[in-house]
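Asks: Fold the stuff below for me.
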Amino acid sequence: MILISHRGNLNGPFPEKENTIEYINYALNRGFDVEIDVRLEDNVYYLGHDVKQEKVSITFLKNNKLWCHAKNIEAFHSLLKENINCFWHQSDDYVLTSSKIIWTYPNKLLSSGSICVFPEMGINGDINQCYGICSDFIINYK
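Replies: Presented below is the predicted three-dimensional model:
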């Protein structure tokens with residue numbers, strides 16, 4: 001089972017550091033995958049959930065341990081074209097990532113091969129059958 005740090009968080013939300021290259025690398029260097037928020041504006045990639053925060057290179061994004069949550073349609077199309085592991089969702093119960101893994105909204109029925117997102121918000125099914133877990137508290141699942 002893979003363990004995915006949400007925006008670089010290991011032991012709870014830290015909004016000031018989330019989606020920064022330094023914070024993401026910190027989580028990667030500790031052996032975790034990382035879900036990040038990616039935007040594309042004027043042909044430049046940025047990290048950032050609600051607004052662009054930090055410019056990021058395509059080379060950085062081509063890390064197979066990153067799960068890129070496209071935050072605008074331009075980013076989604078471009079990430080797909082570059083064969084980068086990515087997905088797009090708003091509040092869908094399930095979404096299929098570009099790597100054909102099911103990203104499962106919190107507290108929705110889990111299935112074999114899915115990512116359990118925020119199990120701390122509730123688990124609906126057998127978490128042990130999942131492909132992975134994504135959490136702000138990912139250190140608790142190591």
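Asks: Going by C-alpha atoms from here, please, whenever you check contacts or count neighbours.
Replies: Noted.
Asks: Spatially, what comes nearest to the residue sitting nearest the centre point of the chain if we skip its sequence neighbours?
Replies: The structure's the chain has its C-alpha centroid closest to residue 35; by Cα atoms, centre = their mean the separation is 2.0 Å. Distances taken as Cα to Cα, 6 or more residues apart in numbering put residue 67 closest to residue 35, at 4.5 Å, once the chain neighbours are dropped.
Asks: got a pLDDT number for that neighbour?
Replies: Looking at residue 67, its pLDDT stands at 98.
Asks: How about the contacts made by it?
Replies: Contacts for residue 67 (Cα atoms under 8 Å, 6 or more residues apart in numbering) come out as 33-36, 85-87.
Asks: mind listing what the strand or helix carrying the residue nearest to the centre of the chain pairs with, with the direction of each?
Replies: Element membership for residue 35 (DSSP states H and E) is strand 33-41. Using DSSP bridges, strand 33-41 pairs in its sheet with strand 2-6 (parallel), strand 44-47 (antiparallel), strand 66-70 (parallel).
Asks: So which of these is nearest residue 97?
Replies: Distance to residue 97, taken as Cα to Cα, is lowest for strand 66-70 among the strands paired with strand 33-41, at 8.6 Å.
Asks: Check which element follows that closest one along the chain.
Replies: Using DSSP H and E, the next helix or strand after strand 66-70 towards the C-terminus is helix 73-81.
Asks: avg pLDDT for that following helix?
Replies: Helix 73-81 carries an average pLDDT of 98.
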